[in-house]
Structures are given as C-alpha cells and as structure tokens.
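[1] coords please:
(2 chains)
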Amino acid sequence: MGTTASQLGKDLLSEYQELTFLTKQEILLAHKRFTELLTKDEKDLPNTRVPVERILTLPELKSNPFRKRICHVFSTSEYKDGSLTFEDFLDLLSAFSDSATMEIKSHYAFRIFDFDDDGTLDCGDLEKLVNCLTGETDDTRLTTEEMRQLISNILEESDIDKDGTVNLSEFQHVISRSPDFVSSFKIVL
Amino acid sequence: MARLMEEVEEKKKLIATIRNKPWRMKRRLLNLKEAQGFVDKFEGALGKGKGRKWFAYKVMMKKKWIKFQRDFENFRTACIPWERKIKEVESHFGSSVASYFIFLRWMYGMNLVLFGFTFGLVVIPEVLMGLPYGSIPRKTVPRAEQATAQDYSVLMDFQGYCKYSVLFYGFYNNQRTIGLLKFRLPLSYLMVGIGTFGYSLMVVIRTMAKNADVGGGDGDEGEFTFAWKMFTSWDYLIGNSETADNKYASITTSFKESIVDEQENQKDENIHLRRFLRVMANFLITCSLGGSGYLIYFVVKRSQEFANRTDLSWYEKNELELIMSLLGLVCPPLFETIAEMEDYHPRIALKWQLGRIFALFLGNLYTFLFALFDEVNTKLEEEDSIKNASLWAMKEYYANYTFMINDTDSTPPPMNPADIIRGPCWETAVGIEFVKLTVSDIQVSYLTILIGDFARAVIVRFLNYCWCWDLEAGFPSYGEFDISGNVLGLVFNQGMIWMGAFYAPGLVGINVLRLLSSMYYQCWAVMATNVPHERVFKASKSNNFYMGLLLLILFLSLLPVVYTIMTLPPSFDCGPFSGKAKMFDVIMETIDLDLPAFLGTIFSYAANPGLIIPAVLLMVLAIYYLNSVSEAYQNANMELKKKMQMARDEEKNRRNNTDSTNQVMKDLEDLLPNRSFMPPAPPSKPEKMPELEAKPTKTKPGSAGRGVNLQRDVTLASPNPNARGPVSRPPGPRGAGPAPGAGPGPGRGRGRGPPPR
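    Reported below is the predicted structural model:
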C-alpha cells in the first residue's frame, strides 16, 4: 500500500500522521532520505525493499552498535534479511521519535536486545548485549570473570520470578523506572 | 442502541491509540480503515430525528478541529529555531551537552516574550506618544554634562545620552494619560513590571510540571544500577564514530567500576579521618564564601567613594563588576579542588558542588543588593535637600528675569530644561548598576570562552608539533564543555535581568540580544574547540533541578523589587511615578478615577485584613489537605508493591511446592505444628497483578497517542487491586506482534497464561 514514487500522496500522508508519532515534516523528511537510498530504477517501483547494507549507510545508524538488530526487528521481509520498505522505515522512526510513549519504546527495546528472538533475554542475549556496548575491539571487552559477575548482578536485579531470564514485563518494569531511557532511546533524522 | 454506541466509542478509542500499538504498518492501516469505516457508518445512525443534523454537524466540527490541531502542531514544530544546530551538537556530544542548548533556547523564548511585553506596552507608547527628548528636565542631559555626553567612554558607562534615554526608568514621564488614545503609561509600567514576574512564574512552573511527568516518578537511586547501565546507557542520537568510540570506552569503564564497587562492599577504613576531612573542607568553603561576600561589600563601598571623584581610571570605574565576575570564575574550581578532600561518590560530589556554587552566587548577589540599598538611602536623603534647592533656584530665575527685563506683564519663558537642578534619581542609578553588571558578565563569559577554550585549543593543536610531551593527551589537552557551570551562569543571569528589568526596561532587550548571540557563539565554540566528556554519568534528574533553581531565583529576585515598590518613595522628578508618595499609588488613582464607583468599593472591601486573613488560612488548609492526600497515595503504592512482591513469592512457592517464602506464614507455620496449613495462594491473583502493568494502554482513551505517560495509571491505581477498570479486551495482544520465531508459550512468563475471563 505504500509508495516510493517521488511524491507522497496527500491521503497517505495524513494516514501516516494518524498511525505514527511523526509530524508531517518528519514524514516528508523520512521520505526524502529514503528515496535517496534508492537506485534510479528502483525509484519508480512501489513498495521497494532496501537491502540492509544500504540502510546501514545512514549516518544516524552507522555508529549504532545495535544497527543490525534494529533493521532486523523492524523488517517485514519474509527472508528475515533486515531489508526495509518505506513503511518499515516509518515504523522505525515512529518508535524512536520524541513523542513515542514509554510503552512502545520499551517494547521495541526488548525486541532489539533479544538477539535470539525467543521472547526472553537469557544469558546468551545479555552477553551479546554487553559485547555490543563495550565496542568490538579486544582491549575494551570485559574478561569472562567480569562478564559472569555482571550478568549475575543484572539477573539479580531484574529477574523477579527467578527463572534465569528477563521477560518482557520484567524488562518493562525495570525500564519504566529509569529516568534516562526515554530521552536516550531516540533517533531523529 | 447503547451497545452500538459502546462499540463506536471503542473503535474511536482504537483510532486514537493506534500509533501506540507495536504492530506493523500494514496491520495498523487495515485496522484503521476498518475502524474508521465502522465509525463513519454508524455514527450518523446514532443521531435520530431532529437531532440528526445537529449531530452530524457536531461530528464534522470535531473532525475539523482535530485536523486543525494536528496542522497547528506541525506548524509549531516547524517554527522552533535551531533544531539542526542542536541535533548536530547532540550527535557529537550526547544528550547532556545538548540539554544545555535546549535550555538556552527555552530561555530565549521566554525572554523574547518578556521583551515583547516591555517593548510594546512601555517603550513604544512613550516614544510615539510621549514628549520628545529635550522637552522636560528628566529627558534632557543636564548642562554640566553636555560637553561629554557623546563621548564613547561616557556612553560605555551608560551615562550621558544613554542615561537619558528609553533604556532607563528616569526617562519616562508621569503624565497620567498620554496621546490621543489616552494611554495610561504609569499604570502600564507598573503592570508590565509585575506581569513580567507573573508570566515567568507561570512558564517555569508549567515546564517543571511537564518535566516531572517525563521523569518517570522517583525510583530509588541504587535500585537497578546494573540493569539501567545495560539497557539505557547507549545514547541513540550519537551519529559520529569518534563519539561512539568514546562512549564505548566510558561504558566499559563504568561497568568495570561498578563491578568492583559491588565486590568491595563497605570497606570503611578510617571513618574518623574521612569525617575530619569533610568537616575541614566545609569549613574552608564557608570561609571562602564569607570572604567573597565581604570583598564585594568592600568594593561597593569603595565605588560609592569613587562616585564623588571625577579622575577615575578604567579599572576603578568598573571595579565592582570586574570583581563580581572574577569571583564567579575563580571560586568554582577552588571549591572543586577543596572538595577532593571529601571523597564522595561523583554524583553526590556534583550535587555538593552545584549547591556551593549556588550559595556563592546568591551570597554575591545579595551582598551587592544590600550595598546598593545603602546607596539608595543616601540618595534619598540627598533628594530632600536637592528638592528645596531646585525650587529655590527656579524662584530665583523668575525673580531675576522680571528684574532684568523690567516688564512685569510678560510671562517669563520656562527655564531651559538643561539648567534645572536635578534630583539624584536613585531608580536610574540602580538600573545603571544592573545594566553594567550584565554587560560585564557578558564580556567576561565571552572572553573566557575565547581564551579558555579557543586559545587553548589553538595552542594545543599547533604547539604540539614542537613540544616535549603530548599536549593533546596530557596537560592541558582540549577542554570539555562545562554543563553545570554554564547552566548556573544562565540561571543567575536571568535572576539579574528579573531584578533589573523594573528599573531599566531596556535590559530585557539587551538580554535577548545576548542570548541570541550566545547561542551561535557557544554552538560554534563547542563544535570547534571541545571534546566529548570522557566520563559520562548522567545527572539526569538535573533537568528539574535546574528549573527548581530558576524558580528559587525568581522568588529571590521578586523580593527586592516588590519591597522597593511597596516601601521606597519614588524620586520626585524622574520616572513615571514621580510626585507620588508610593509607587503603587498609581493603582489607587486608577481605581478612583477610571473604574466605576462600585469596583472601588469592592476593592476596598477586598483589601480589608478581616477578609485576607481567612483567605490565607484557607490556603494553608488546602496545602495541608493536598499534602495528606499525596501521602495516602504513597502509602497505597507501597501496599500495592508489597502485595505484588508477596504474590510473586507465593506463585514461585506454589510452583516449586516448597515451604512458604512469606515470612508471616513462616512464623505461623512454626507456631502451629500442623504442617498441612498451606497458604491458599489464589491462582487468579498472581495473574491479575502483573496484568496491572499491562493495562495502561486500555485505560487511557482519547489521549490521541500524544506521548502521555501511561505508567501513571499504575502508580495512582485505585486502592482496590481487583478492580479491572474499563478494559475493553483481554490483555493478551502484547505478544501478538509478529516476532519472527517467537514461541508463544515457553519462556514468556510461565504460569502467566491468559487470565480467567
């Protein structure tokens, strides 16, 4: 239903305004940036999918340690390759926008951190998460001992039902108390 | 019929909250179209008979109103200036540095409004409709000063032509009405002065309330340290690889530090030494605060002596302002070095530092004010004698004139305004002091940035090629942006503006220019000469902290102005209130002359102490009541939390089939030998409790998804936890998002299946 023709239709625009947290200018800017990513012949096709490598050239995503996960979470492709259509892109921007609610942000944050997509954050997910946060180089990584200590501390704090994993409601419970979350979980074009 | 209405309402709710659902766009579009179609079809059917047209009209107006609101919101966001600039700073330096610029922008907006008021309601009427320069004494430069009135140095001191211009209080005439429109200037002057404070108060409190909402309530400080570090420490606005690397390094450091902290526990070695050092540090700091206060007092006294001399060097003329600005520059680093003795956690140390800087600025400001007050009193005494002298001189002039011309019939022309003896006009003097202070503050801060940041960066960059050690990595390296120092400077500058705006209407205009240039200058300086912070810990609740400071300063600057309006007599020959006994007499005059008689009697009744005292008592009672209500809510919260914890324990216990983990039940079990006394552990309860957290989406209809913090509903939940509230559908769909490969059952909270419904 979306379009990647060079002009965005007026009723589509107002529908997108209704469905996302973005203002009209933000949607138009998103459209402009998205069409910049397309090649010449792709521009005329409706509903083009942009492959994940091209999405990752956007400066807002380039330096983000979770960029691959973000693309994966918001992608609706059947091949699970992280490619995004324009509507997926809008979904992404809406969830990361300034006016999005804590609810939506925490939901998507959970999905992004869930590296194995099983619905909970277990030790493997947490370990990968920490490695993402400390950078990819070897001299900034934590030692195994420190990692183990860190993960056990985290589970002690957030795992309420003591099943060894953090599920969505526990995650939301922890996140909703944080004063920083909403302001740092933001991407603006 | 009613059910149809209910369904229509439900669909409307869905439309309003649809952007809050974590669905894919396609699904949302489908649902939206379906819901809209349904609403359109049946809404018309609900209005029946003659009410039908009216109903349809109402619906159409409502749609138009929503569309208008949305367009207005779009327009408003488009009008906000400097978005790109701030975003650039944010992507390089993170959100804490950008928050300073956002604060600066907010201040600029507020000052712009204040400027609009002052300019439009006070300055323009006087300029357009009042008497021109040179017509009356207060608007003319006195004969003695006319020779030097145009000199640059005199103008820089705000004497000469500057002093007798719209910038200052003394220029304004006290005519009750001016011009064709009968504009009441003195009344407008007073109202604008008070309205400035009223508007600022309203705006600050509104922003504080908005910030408090977003803050997410008051969680315990150390409650989720590790989890928060893990989940919320990355700043998604960072778009620059160098900043990202810095962030990685700081996150790693902070992880390692907290792991070590956790392992160390309370290693309280030598608590006595630590206590002694802390007491010592506080003593030293109090001494330096006292010293700075005395220094300012001394300098003000000296400046009063200087006022009588004419051969002053540049330093002596500007000594007061220089000393105040220098103190503001030198003392904070001094406090920081002394505070190293105290050995606090960085966040607590930052709070102490901010508190001390605040005390320093406050002390300085109030000492300055008290010294100024002395000056005002001397001027008031002087005024009496000058008043007599002035009248006498005028009588003499007329007497001489008739004597010289020998023609007693012609009326003598009035004395040239430049020759009339002037009173000291204390209000203008006070205004000049504030303006000079503000200007020197501006100069000092711009110079500091130029020298402290820019020159330093240039030296480090270019000397590095020929220097023994690595200037960039070691001392001095590039500067970091001092957020708290800058914010405090901004807050105190605003306090001075509020204090001085009544006596110098031009001050607000100067401030607007200052903020505008500051924005561009500091943005440039930050991008060109600063590096991102190495150690990033967020004093994140500080947003409301700075607003709270601003509020405090607002009250403190309100006090002197209100005091002078109420008690000090205005000068006899300058300003809009000259000739009156007290400044607020203008209001009495207006009530008597301009308003209908019965309003006057109403006001006189309202001012009766017999009415005011009960009103004050009522307000005190209201505060007490609201306080106890909020305490009751807090208690209810604690109870709910405890219940949730107990329920989880019971649930776990039931699953594991072991002894009860509930302490009360355990005690009971110990007392009773009967081991079959198992807690009933209602199976429905634990499912209800966690669902309370999931409810919020459904219980806030019509919020139009505008970022309302729905978590509020949980904490202010009704005391009956079993009440389901207006939930319109079972709280299951959270898992309905197409998470690829997500198994619906295992791992997602065992035992918490769909609630019994």
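
[2] how deep is the nearest residue to A:Thr20 once chain neighbours are set aside tucked in, by neighbour count?
    Counting by Cβ to Cβ, 6 or more residues apart in numbering or on different chains, A:Thr20 lies nearest to A:Ser94, which is 3.6 Å off, once chain neighbours are set aside. (Each C-beta comes from the backbone N, C-alpha and C, glycine too.) By the criterion of other Cβ atoms under 10 Å in any protein chain shown, A:Ser94 has 24 neighbours.

[3] what of B:Val376?
    Look at B:Val376: counted by other Cβ under 10 Å, it has 16 neighbours.

[4] got it, and B:Phe555?
    12.

[5] same check on the one 5 residues further on?
    In terms of burial, B:Pro560 registers 19 neighbours under the definition other Cβ under 10 Å.

[6] could you find the closest non-adjacent residue to A:Val50?
    Nearest to A:Val50 is A:Leu37, by Cβ to Cβ, 6+ apart, at 5.3 Å.

[7] kindly report the same for A:Leu126.
    A:Leu126's closest residue in space is A:Ile151 (Cβ to Cβ, 6+ apart), at 5.1 Å.

[8] need the phi and psi values for the residue nearest to A:Val50.
    Main-chain torsions, A:Leu37, degrees, to the nearest 10: phi -80, psi -10.

[9] what residues are up against the residue nearest to A:Thr20?
    A:Leu19, A:Thr20, A:Phe21, A:Leu22, A:Ala100, A:Ile104, B:Arg19 (Cβ atoms under 8 Å, 6 or more residues apart in numbering or on different chains).

[10] and the second one, what pLDDT?
    Which is A:Thr20. Predicted confidence (pLDDT) for A:Thr20: 86.

[11] tell me the buried residues in stretch B:130-137?
    B:Gly130, B:Ile136, B:Pro137 (16 or more other Cβ atoms under 10 Å in any protein chain shown).

[12] just how off-centre is the lengthiest helix in chain A within its chain?
    What stands out as the longest helix in chain A, according to DSSP state H, is helix A:144-158. Remark: helix A:144-158 is offset 24 Å from the chain centroid, using Cα atoms, centre = their mean, to the nearest Å.

[13] do the same with stretch B:325-333
    That offset, for stretch B:325-333, works out to 23 Å (Cα atoms, centre = their mean).

[14] pull the residues that contact it.
    B:288, B:292, B:295-296, B:353, B:356-357, B:360-361, B:364, B:440-441, B:443-445, B:448, B:485, B:489, B:492.

[15] in helices, which of the residues you listed fall?
    Those of those lying in helices (DSSP H): B:288, B:292, B:295-296, B:353, B:356-357, B:360-361, B:364, B:440-441, B:443-445, B:448, B:485, B:489, B:492.

[16] list phi and psi for A:Val50.
    Reported as degrees, to the nearest 10, the phi and psi values for A:Val50 are phi -100, psi 130.

[17] what sits against B:Glu480?
    By Cβ under 8 Å, 6+ apart, the neighbours of B:Glu480 are B:Asn530, B:Val531, B:Pro532, B:His533, B:Glu534.

[18] quick check: pLDDT value at it.
    Taking B:Glu480 on its own, its pLDDT is 81.

[19] quick one: it and chain A, what's the gap?
    20 Å (Cβ to the nearest Cβ, to the nearest Å).

[20] now that residue. Its backbone dihedrals?
    Backbone geometry at B:Glu480, expressed as degrees, to the nearest 10, gives phi -100, psi 150.

[21] and the spatially most central residue of chain A, which helix or strand is it part of?
    By Cα atoms, centre = their mean, chain A has its centre lying nearest to A:Ile70, at 3.3 Å. Using DSSP states H and E, A:Ile70 maps to helix A:67-74.

[22] other residues contacting that helix?
    So helix A:67-74 is in contact with A:52, A:55-56, A:61, A:64, A:80, A:82-84, A:88-89, A:91-92, A:95, A:108, A:111-113, A:115, going by Cβ under 8 Å, 6+ apart.

[23] would you map the helices across the stretch 1-150 of chain B?
    B:2-17, B:25-46, B:51-79, B:83-93, B:95-118, B:124-129 (DSSP state H, counting those that start in this stretch).

[24] list the buried ones in the last one?
    To tie it back to what came earlier, the one meant is helix B:124-129. Buried residues in helix B:124-129 (16+ other Cβ under 10 Å): B:Pro125, B:Glu126, B:Met129.

[25] wait, the last one touches B:Leu181, no?
    Yes - look at B:Met129 against B:Leu181 with Cβ atoms under 8 Å: they come within range, at 7.3 Å.

[26] so who does B:Asp573 touch?
    Applying Cβ under 8 Å, 6+ apart to B:Asp573 gives the contacts B:Pro137, B:Arg138, B:Lys387, B:Ser390, B:Arg422, B:Gly423, B:Cys425.
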